[in-house]
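In: Requesting a structural model of the entry that follows:
(one chain, ligands or ions: 1)
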Amino acid sequence: MSTENTIKIKKDEGAEAIYQLLATTAELKKSGGQLTKWIDDHDILLYEFEGEIKAISNVCRHFGGPIGYHKAKKGVFTCLWHNWQYSCKDGSNLTHCGLPLRN
Ligand code: FES
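Out: Now for the predicted structure:
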């Protein structure tokens, strides 16, 4: 894992949570409320939806196409390659249930 912009937080019973800065809120706003970023080998889609900032995988469960290539419309991301659709609310798959995006 990249150590740049990484924060480690010790939790109860010795567990450790690691957080990675993807962008500032100013950068997100400048990108129209949606941007993608590679962190190590993960392509991540960062966006604002209904007042919350969320991060999900930008890799489609069908064949790996980019989910966030186009801006979301009416709370839905549509994959660039074959139009599978995912909910902005939680990354659930609206085309083929049971194949959600990682968050
Ligand atoms: S790769 Fe996304 S719908 Fe096919």
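In: how about the nearest residue to Gly68, chain neighbours excluded?
Out: Using Cβ to Cβ, 6 or more residues apart in numbering and skipping the chain neighbours, the partner closest in space to Gly68 is Leu45 (3.9 Å). C-beta coordinates here come from the backbone N, C-alpha and C atoms, glycine included.
In: My understanding was that Gln85 contacts Gly75; is that so?
Out: No: using Cβ atoms under 8 Å, Gln85 makes no contact with Gly75, being 10.1 Å away.
In: Neighbours of the closest residue to Ile39 other than its chain neighbours, how many?
Out: The spatially closest residue to Ile39, leaving aside those adjacent along the chain, is Gln20, at 5.5 Å (Cβ to Cβ, 6+ apart). Gln20 is flanked by 17 other residues according to other Cβ atoms under 10 Å.
In: quick revisit: check contacts around the residue nearest to Gly68.
Out: By Cβ atoms under 8 Å, 6 or more residues apart in numbering, the contact list for Leu45 reads Gln34, Leu35, Thr36, Ala55, Ile56, Ser57, Asn58, Ile67, Gly68, Phe77.
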